[in-house]
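Trainee: below: sequence and its predicted model.
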Amino acid sequence: QKEVEQNSGPLSVPEGAIASLNCTYSDRVSQSFFWYRQYSGKSPELIMSIYSNGDKEDGRFTAQLNKASQYVSLLIRDSQPSDSATYLCAVNEENYGQNFVFGPGTRLSVLP
Amino acid sequence: DTEVTQTPKHLVMGMTNKKSLKCEQHMGHRAMYWYKQKAKKPPELMFVYSYEKLSINESVPSRFSPECPNSSLLNLHLHALQPEDSALYLCASSSSWAGTSNQPQHFGDGTRLSIL
């Protein structure tokens, strides 16, 4: 049984700070990892994907993956109030097609 | 705006009604998905279609009936639903299902379904 865990939050950070969102997963064969942002009442929006150990940067977002520790994180630099949303971690394993397992999500609140 | 289009955006129906949710994508994706999402919970996978064939059915009650008429369209037929079926129903697509795992799923805006 694959499990994906995230702190449910809410995580509150002041505007301009770095928000750090964490995700751990139980299935060692997991190969692909995705971060989705979901505003209240809206659908999930893909913001980052990462497949290899290390860091991947896209604008204010950095995803970090450590497969040995079964840990993936998302850093948001210069956080803005518009970043306030629920962030979902999704994990997919290599040999079972696109069977995403979503974490419960972390609610982020960026305070002006 | 998303590239996966879902209609209707909102649907209210009685427990004896029959209705359908529709999903359309024109990205050439060959995998399409239905998810159910309750408030403050992550999406739960219901069905996966790969190349218009049902690949995964996550033990969904038979009152939900999926259909994939062609590679761009996905329907979810609803009949005799229960109040606990009220939720946001999300459609997603990805370029493929099996073989390559690093394909992100792209979600539509969802249909908010309320069962009276």
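Mentor: Nice, I can see it.
Trainee: parallel or antiparallel, which strands does whichever helix or strand A:Trp35 is part of pair with?
Mentor: Taking DSSP states H and E as the criterion, A:Trp35 maps to strand A:30-38. Sheet pairing of strand A:30-38 (DSSP bridges) gives strand A:45-50 (antiparallel), strand A:85-93 (antiparallel).
Trainee: which of these comes out lowest on mean pLDDT?
Mentor: With a mean of 91, strand A:85-93 has the lowest mean pLDDT of those.
Trainee: which SSE is immediately downstream of it?
Mentor: strand A:101-102.
Trainee: partners of that next one, with directions?
Mentor: If you go by DSSP bridges, strand A:101-102 pairs up with strand A:85-93 (antiparallel).
Trainee: let me see the residues that make contact with the strand it pairs with.
Mentor: Contacts with strand A:85-93, where a contact means C-beta atoms under 8 Å, 6 or more residues apart in numbering or on different chains, come from A:2, A:4, A:6, A:21, A:23, A:25, A:27, A:29-40, A:44, A:72, A:74, A:98-103, A:105-108, B:42-43, B:101-102, B:105. From N, CA and C alone the C-beta is placed, and that goes for glycine too.
Trainee: count the neighbours of the closest residue to chain A within chain B for me.
Mentor: Here chain B gets closest to chain A at one residue, B:Pro42, 3.7 Å apart by C-beta to the nearest C-beta. Around B:Pro42 there are 22 other residues, counting by other C-beta atoms under 10 Å in any protein chain shown.
Trainee: can you get me a residue count around the nearest residue to it once chain neighbours are set aside?
Mentor: Distances taken as C-beta to C-beta, 6 or more residues apart in numbering or on different chains put A:Phe102 closest to B:Pro42, at 3.7 Å, once the chain neighbours are dropped. A count of nearby residues for A:Phe102, using other C-beta under 10 Å, gives 21.
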